[in-house]
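> 3D model of this:
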Amino acid sequence: MSEPAKTRTHTWVINLDRSPDRLASISAQLDGLGLAWTRQRAVDARAFTPEQQALLDVPAYHRKHGKQPVPGELGCYLSHVDVMRAFLASDKEFALILEDDVQLGAELPAVIKALEQHPGRWDLVKLSAVHSGTPQCYLQLTPKTQLAVMLSRCTGSSAYLLNRRGAERFLAGLLPMQLPYDHVFDQGWVFDLKIRLAVPPPCGHDQEVATTIVMPAKRKFHWTRRLPAFAYRAGNELRRLLYGLRETVRERRQGAA
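Numbers count the residues shown, from 1 in each chain. Purely as a prediction, here's the structure:
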């Protein structure tokens, strides 16, 4: 699809070579919304190189997550890292990063346009969400959508808007992998980034599309081996809450100024 001149945002779609049906579905949605896009070849867990396998910190994953890592999780993680590198190699200010099973809402282009007008109020904006995130809204983006700080967990990484500062800081600190991608990339207090949520999210997760990440029947450790993970999560959620409260106060003060 040809791209209009001087666009500030470009879209990258993460897609496995063995999932042409998913690419057809997402491409039809993007073309229907008039969004220019590029396919990002996903890292396939069935064909890891030794160098890619070495990018998983297994002891840290065990300690923080209390489970055995799944190869597909590493493939997903590395795919998001690769798309950030592609973004920084481009001349675009912002990247709309999509996984190929996302459902795009009609409000998405308007939300992106509004976010482009407020570049100092965010570094990454989640455009889909699995949990509510207990949003604290502070900026009206469109008549239907607001920008918010999150006070609680909000997993999922199927759609988000990212600026160049965010991509640079992620690339400096995401590797090696120690947790699933969507447990890490919203830690604004770790990366010193403004992580935000569009409320309501203009994109959703297609529950009818089977995941390409194969999950074994049993991967959780016995609860006695998960105590370090419980401690990590408690500390992580406390830091998330403190970060969210601080960011909420700062954004509302900025809005009132």
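> what comes up buried for stretch 247-257?
247-248, 251 (16 or more other Cβ atoms under 10 Å). (Glycine included, C-beta is placed from N, CA and C.)
> tell me the mean pLDDT over it?
Average pLDDT, stretch 247-257: 91.
> Likewise for stretch 230-243?
Here the average pLDDT along stretch 230-243 is 98.
> picking that back up, in strands, which of the buried residues of stretch 247-257 appear?
Secondary structure from DSSP state E places none of these in strands.
> List the residue ranges of this protein that fall below the pLDDT cut-off.
1-5, 206-217 (pLDDT under 70).
> dump the residue contacts of the spatially most central residue of it.
For the chain, the residue nearest the mean C-alpha position is Ser157 (3.5 Å; Cα atoms, centre = their mean). When contacts are counted by Cβ atoms under 8 Å, 6 or more residues apart in numbering, Ser157 touches 76, 80, 99, 181-182, 185.
> what's the distance between Leu179 and Lys6?
38 Å (Cβ to Cβ, to the nearest Å).
> So the two - more neighbours on which side?
Leu179 (20 against 5; other Cβ atoms under 10 Å).
> Helix, strand, or coil at the more buried one?
Under DSSP: H, G, I helix; E, B strand; the rest coil, Leu179 falls in the coil class.
> what about it, distance to Asn15?
23 Å.
> Just confirm Thr142 contacts Ala114, I think it does.
Yes: assessed by Cβ atoms under 8 Å, Thr142 is found in contact with Ala114 at 5.6 Å.
> Spit out the contact partners of Gly105.
202-204.
> if we go to 7 Å?
Gly105 makes contact with 202-203, according to Cβ atoms under 7 Å, 6 or more residues apart in numbering.
> which parts of stretch 80-97 are buried?
Here stretch 80-97 shows 80-84, 86-87, 92, 94-97 as buried, counting by 16+ other Cβ under 10 Å.
> Quick check on the residue nearest to the centre of the chain: phi, psi?
Main-chain torsions, Ser157, degrees, to the nearest 10: phi -140, psi 30.
> Arg226 now?
According to degrees, to the nearest 10, Arg226 has phi -100, psi 0.
> Make 130 the first number, not 1, from now on.
Taking 130 as the first residue, the last one we looked at is Arg355.
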